[in-house]
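# sequence and predicted structure, then a few things I'm wondering about:
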Amino acid sequence: MAKTVLITGAASEIGQEILLVFLKKNYKVIATEISGQMDTLIEIIKNEEEGRVKTFVLDLEKDEDITAFTKSVLANYPIHDLVNVAGINILRNFFEWTAEDLRRVMNINWVGTFLLSKAVAENMILHSINGSITTISSQHAVAANKERVPYCVSKAGLVQLTKVLGLELAPYKIRANCVSPTFVLTEKNKHLLYSNQFLDQELTKIPLGSYAEPKDVANAVEFLSSDSSSMITGHNLIVDGGWTIQ
C-alpha cells in the first residue's frame, strides 16, 4: 500500500520540490496551502495522475482551520510522513515591530506548526504508523540576522520543538527532524539575492560560494524521511554551505 505524506506550504518553490520528491517515491500526497496560493498549487499538480495528490486549504494562523482540517481530513487519511514547509518572514527594523505582527509570525511559524504536528502525531499513533515529521527551519535558527526578530525566534523554536518531539514521540517509533537551509535561490527572490547588497553581505558568508536551491532542501527532507535515517531523530540538518560553521 502506498504511503501518504502531508506537505504544508506546498505551492512554494521549496514545497513544490518536496512534493515532486515524494511523488517519485510513489507516495500519495496531501498538499495544503492558504487560499491565495491554491491556484498555483492546482496548476503545479494538474498533470499528475488523478488521485495521487489531494489539495486542501489550510491557514496555520487560524486555530479553527487546523481543528477543521484535523476533523475532516486527518480523520480519513493515515499519514506516514509530515513535512512542515509553511511559514512567513517579514523584514522590519527591531524598533518597528508591533505586537500584532510579532504574534502573526510566531503563530504561523511556531504555534500552527506545533498544533498540526500534534494532530498528525496522534493520527500516526492511532494507525500504528512508524512515521516521520520533518520541519523546515532556517540557518537563522542558530545564527542571528538583523530585521528578522520573530522569524529567528520562531525558527529557533522549531529546532527546539523538533528535539522535544523526537524525545516524546520516540516510544511510538515516530521520528522528528529539522532541515535548516541558508538563503534559498528561487524565482521569487532571485532579484533580491542577486542584488549587490546580498552578493556583498550575504553570499560572501557562505564558504561554498553559492546559495541553496529548492532541490537541496528537498533532498535533505527525502533523506530524513527515508529508512536511511531510521536512527536519526531530534536532529537539525543544516543545509547552509558552511555559513554556521564560522
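It's in.
# longest helix anywhere in the chain?
helix 149-169 (DSSP state H).
# just the buried residues of that helix, please?
For helix 149-169, the neighbour count (16 or more other C-beta atoms under 10 Å) marks 149-159, 161-163, 165-166, 169 as buried. Bear in mind the C-beta positions are built from the backbone N, C-alpha and C, glycine included.
# equivalent analysis for stretch 203-215, please.
Within stretch 203-215, the residues that count as buried by 16+ other C-beta under 10 Å are 203, 205-206, 211-215.
# out of the residues you listed, which sit inside helices?
214-215.
# and the buried residues of stretch 203-215, which two are the farthest apart?
Using C-beta to C-beta, the buried residues of stretch 203-215 reach their maximum pairwise distance at 205 and 215, which is 21.6 Å.
# ok, the residue lying closest to residue 179 once chain neighbours are set aside to residue 212 distance?
Setting aside the residues directly before and after it, residue 179 is nearest to residue 220 in space (C-beta to C-beta, 6 or more residues apart in numbering), at 4.5 Å. Note on residue 220: its distance to residue 212, by C-beta to C-beta, to the nearest Å, is 9 Å.
# give me the common contacts of these two.
Common neighbours of residue 220 and residue 212, counting by C-beta atoms under 8 Å, 6 or more residues apart in numbering, are 181, 239.
# where does the chain have low pLDDT?
Within the chain, the stretches with pLDDT under 70 are 49-50.
# show me where it has its helices.
Using DSSP H, helices in the chain cover 13-24, 38-45, 63-69, 99-106, 112-126, 149-169, 190-193, 196-201, 214-225.
# pretty sure residue 58 sits against residue 10.
No. Between residue 58 and residue 10 there is no contact under C-beta atoms under 8 Å: 9.8 Å.
# about what we covered before: any idea which of the buried residues of stretch 203-215 is closest to residue 33?
Among the buried residues of stretch 203-215, and counting by C-beta to C-beta, the member closest to residue 33 is residue 214, at 15.9 Å.
# next up, the contacts around the closest one.
So residue 214 contacts 13-14, 16-17, 184, 186 (C-beta under 8 Å, 6+ apart).
# contacts made by stretch 178-194 with the rest, please.
12-14, 134-139, 141-142, 155, 158-159, 162, 198-199, 202-203, 206, 211-214, 216-217, 220-221, 224, 235-241, 243.
# so among those residues, which ones count as buried?
If we count by 16+ other C-beta under 10 Å, the contacts of stretch 178-194 have these buried: 12-14, 134-139, 141-142, 155, 158-159, 162, 198, 202-203, 206, 211-214, 216-217, 220-221, 224, 235-241, 243.
# and the residue nearest the centre of this protein?
Taking C-alpha atoms, centre = their mean as the criterion, residue 85 is the residue nearest the geometric centre of the chain, at 2.1 Å.
# for that residue, what are phi and psi?
Main-chain torsions, residue 85, degrees, to the nearest 10: phi -100, psi -40.
# any idea how far it lies from residue 29?
12 Å.
# list residues touching both of those two?
7, 10.
# which one of the helices of the chain lies closest to residue 89?
Across the helices of the chain, closest to residue 89 is helix 149-169 (C-beta to C-beta), at 4.7 Å.
# please save the CA atoms from the closest one in CSV.
In CSV, the C-alpha atoms belonging to helix 149-169 read as follows (Å, rounded to 0.1, in the frame of the first residue of the first chain):
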residue,chain,number,x,y,z
VAL,A,149,13.3,39.1,15.2
PRO,A,150,10.2,36.9,15.2
TYR,A,151,11.5,34.8,12.3
CYS,A,152,14.7,34.0,14.0
VAL,A,153,12.9,33.3,17.3
SER,A,154,10.2,31.2,15.7
LYS,A,155,12.7,29.1,13.7
ALA,A,156,14.9,28.5,16.8
GLY,A,157,11.7,27.4,18.5
LEU,A,158,11.1,24.9,15.7
VAL,A,159,14.5,23.4,16.2
GLN,A,160,13.8,23.0,19.9
LEU,A,161,10.3,21.7,19.2
THR,A,162,11.9,19.1,17.0
LYS,A,163,14.2,17.9,19.8
VAL,A,164,11.3,17.7,22.2
LEU,A,165,9.1,15.8,19.6
GLY,A,166,12.0,13.5,18.9
LEU,A,167,12.1,12.7,22.6
GLU,A,168,8.4,12.4,23.4
LEU,A,169,7.4,10.6,20.2
